[in-house]
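*Asks:* pasting the sequence and the predicted model now:
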Amino acid sequence: MADLKAIKKRIGSVQNTRQITRAMKMVAAAKLRRAQEAILASRPYAYRIYSILLGLFQQEGVAHPLLTERAEKKIRLIVLAGDRGLCGSFNATIFKEAQRFLKTKKAENVEVVLDVIGKKAYDFFKKRYPVSTHHEGLLGRATFPAVAAIADELLAAYKKEDLDAVYIVYNEFKSAISQSITVERLIPISTEVPEGVAKIWTQGETEGMKNYIFEPEKEKLLEEIIPRHFRMQLFRCVLESVASEHGARMSAMENATKNASEMIGSLTLEYNKARQEKITKELMEIVGGVEAMR
């Protein structure tokens, strides 16, 4: 027969766990709302500046070092994960995709310099792959100046030809319960139309730009816009990842709370059955004792 005291103690333990997961879900939901507002506010600017660049790319005589693709001999990969766990498969899927990317580039004899953002990414890769830079504390308060400083370092390294491309692996925010693993090349800037830009950019818009008279010249305009674009795209990726992490944690804690409630129900049923068995046994012992005294 099950130990009633042990079952009751376990029920209390699961109830305490449920309180914690419920509180964590509420905290994640509040943080997600702020992160979602930030990403939704940044996307229009990020996509519009990209659409302007797409229009400039198709102008005659437009050239810029950050648009020129070189043979990839040495590249940099930014792995963007989270600072904490308890968010389902959020971090694990990032690590899996990053390892797949590293394996592919190694097979192509490309040297990959690894940068990580997020404590979990650093803890995972420090024993598996040489980590060049760990941008510690960036996700706690993701600000544009902090991300822009990283972007400027990468731009300088690319201009010096210390690296031939910059890639980033991150979770793109779709909704509170949906995130999409994305591998994106940030440098050199791709002329392919991203999904978000495609919604606001049309071929007709580009055709119209061919008749524009630019002031200042297109080259000077590119010198100003391209660094802005790169800083903004990197900042957008960070915001996407932060929102995705909070969404993943909220979903994970909601599932944990639901599982805890189901476990409490199951344990309560087990407790009641064991208690009934104990009462029945005691009654049978009493009846047996009475019968023996006759």
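*Replies:* That came through fine. Numbers count the residues shown, from 1 in each chain.
*Asks:* strands of the stretch 151-294 of the chain, residue ranges please.
*Replies:* Per DSSP state E, counting those that start in this stretch, the stretch 151-294 of the chain carries strands over the ranges 165-175, 178-187.
*Asks:* redo these as CSV? Include mean neighbour count, distance to Gly118 and mean pLDDT.
*Replies:* C-beta coordinates here come from the backbone N, C-alpha and C atoms, glycine included. Shown next, in CSV, are these (neighbours: other Cβ atoms under 10 Å; distance: least, Cβ to Cβ, whole Å; pLDDT from 0 to 100):
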stretch, mean neighbour count, distance to Gly118, mean pLDDT
strand 165-175, 21, 10, 90
strand 178-187, 18, 14, 87
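*Asks:* need those in CSV with distance to Val242, can you?
*Replies:* Output for those, formatted as CSV (distance: least, Cβ to Cβ, whole Å):
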stretch, distance to Val242
strand 165-175, 8
strand 178-187, 11
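*Asks:* so which of these gets nearest Lys126?
*Replies:* Of all these, it is strand 165-175 that lies closest to Lys126, at 16.7 Å by Cβ to Cβ.
*Asks:* picking that back up, nearest to Ala6, out of the strands of the stretch 151-294 of the chain?
*Replies:* The nearest among these, by Cβ to Cβ, is strand 178-187 at 40.0 Å.
*Asks:* where are the low-confidence patches of the stretch 51-200 of the chain?
*Replies:* For the stretch 51-200 of the chain, the stretches with pLDDT under 70 are 58-63, 191-200.
*Asks:* apply 80 and report the result again.
*Replies:* Judged by pLDDT under 80, the stretch 51-200 of the chain has its weakly predicted residues at 51-68, 176, 189-200.
*Asks:* rewinding a little: out of the strands of the stretch 151-294 of the chain, which gets nearest to Leu67?
*Replies:* strand 178-187 (9.7 Å).
*Asks:* quick one: strands adjacent to that closest one?
*Replies:* Strand 178-187 sits in its sheet next to strand 165-175 (antiparallel), going by DSSP bridges.
*Asks:* and for Leu53, the neighbour number?
*Replies:* Residues near Leu53, counting by other Cβ atoms under 10 Å, number 22.
*Asks:* in which helix or strand does it reside?
*Replies:* helix 4-57 (DSSP states H and E).
*Asks:* tell me the angle that helix makes with strand 165-175.
*Replies:* Between the axes of helix 4-57 and strand 165-175, defined by axes from the mean of the first three to the mean of the last three Cα atoms, to 10 degrees, the angle is 120 degrees.
*Asks:* hang on, the earlier thing: so which of the strands of the stretch 151-294 of the chain gets nearest Ser266?
*Replies:* Comparing the strands of the stretch 151-294 of the chain against Ser266 with Cβ to Cβ, the closest turns out to be strand 178-187 (30.1 Å).
*Asks:* if we can go back for a sec, so which elements touch the helix holding Leu53?
*Replies:* Contacts defined by 3 or more Cβ pairs under 8 Å, 6 or more residues apart in numbering; DSSP states H and E place helix 4-57 against helix 195-198, helix 203-209, helix 218-293.
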